[in-house]
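> With the sequence up front, the predicted model follows.
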Amino acid sequence: MQETERIRLRPLTPQDLEKMAAWDGDEEIRFLLGLHLEEGKSTYRKHCENLLGTADSRLWAIEVFPDRFIGEVELSQITWRTREAELKICIGNPTYRGRGYGTAAIEAVLALAFNEMKLTRVYLRVYHYNHRAIRCYLRCGFRKEAVLRNRKRFRGRNYDVYLMYIDREMYERRIEEKKVAAK
C-alpha cells in the first residue's frame, strides 16, 4: 500500500472489477483511452481482469479518504530484463477527474516503480487530443519521445499517439528539485 496526503494506492482486487464495470459505458473514458467497447467484446473491466495476477503487470486501486475507490493505475508490459514498464491510469469516477488525483497517483506509482521495483524507465502512450492527461504527465516529469502518426482508429478516424517516458535519472532529478523548492 502507498499513501500520500491526497490518495491511497492498494492492490486492485477482483471486487474492484465489479465497480469498474460501470466505467465501460463512460463515453469520456472510451474517447480518451481510445477504447472500442462493443457488446460482448472488449471492456475496461476485462482488460484489468486479464492483467490481475500476471508476472508482467501490477495494478493498484486509487482511493481518496476515507476508502472511496475512484480509479486504477497500472504498470503493465513490465520487462524485468530491461527494467521497463508501461504506465496506464484511469480516473473512473467523473467527479474526481481534473482535480489532481491522477497526478498524485502517478507520483506514487513512480515512487514504487523506481524505488521498490527498481525499474529504470516508465513509458506511456497517450492520444494527442487528451490534453488533460498530457499536462498531468508533463507535470509528473514525463517527456515526449516520439509521435506515432495516424495510428489507431476510433470511430472511423485515425489519431496521433504520443510516446512519453521518464527514466530513473529524470525522476531522481525531479525529486531533488522538489526538495530544494520546498526549502
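Received the coordinates, thanks.
> Look up the closest residue to the residue nearest the centre of the chain, ignoring the ones flanking it.
Closest residue to the average C-alpha location of the chain: I89 at 2.3 Å, with CA atoms, centre = their mean. Excluding the flanking residues, the one nearest I89 by CB to CB, 6 or more residues apart in numbering is V73, at 4.4 Å. All C-beta atoms are positioned from the backbone trio N, CA, C, and that covers glycine.
> Show me what the host helix or strand of that neighbour is in contact with.
Using DSSP states H and E, V73 falls within strand 68-79. Residues outside strand 68-79 that contact it (CB atoms under 8 Å, 6 or more residues apart in numbering) are 9, 12, 16, 19-20, 48, 51, 55-64, 84-93, 95-96, 101-102, 105-106, 109, 113, 117, 119, 122.
> Identify the residues contacting L87.
Counting by CB under 8 Å, 6+ apart, L87 makes contact with V73, E74, L75, I106, V109, V122, Y123, L124.
> Pipe those residues into CSV and attach neighbour count and pLDDT per row.
Listed next are the contacts of L87 as CSV, based on neighbours: other CB atoms under 10 Å; pLDDT from 0 to 100:
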residue, neighbour count, pLDDT
V73, 23, 94
E74, 22, 93
L75, 23, 96
I106, 25, 97
V109, 24, 97
V122, 28, 98
Y123, 16, 98
L124, 19, 97
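> Distance to A182 for those residues - can I get that in CSV?
Shown next, in CSV, are those (distance: CB to CB, whole Å):
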residue, distance to A182
V73, 24
E74, 29
L75, 27
I106, 19
V109, 21
V122, 23
Y123, 28
L124, 27
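> Can you give the strand pairings for the helix or strand hosting V161, parallel or anti for each?
V161 is located in strand 157-167, with elements delineated by DSSP H and E. Here strand 157-167 has these sheet partners by DSSP bridges: strand 121-127 (antiparallel), strand 143-154 (antiparallel).
> Next up, the contacts around R125.
With CB under 8 Å, 6+ apart, R125 has these contacts: E86, L148, V161, Y162, L163, M164.
> so how many other residues sit close to the fifth one?
Going back to what we said before, that points to L163. 15 (other CB atoms under 10 Å).
> do the same with the last one
The criterion is other CB under 10 Å. On that basis, M164 has 21 neighbouring residues.
> For it, which non-adjacent residue is spatially closest?
F142 (4.2 Å).
> how many other residues sit next to the one you found?
24.
> quick one: it from I89, how far?
12 Å (CB to CB, to the nearest Å).
> cool, and L17?
Counting by CB to CB, the gap from L17 to I89 is 17 Å.
> Work out the gap between the helix or strand following the strand holding V73 and the centre of the chain.
Sequence-wise, the next helix or strand downstream of strand 68-79 (DSSP H and E) is strand 84-91. A distance of 3 Å separates the centroid of the chain from that of strand 84-91, by CA atoms, centre = their mean, to the nearest Å.
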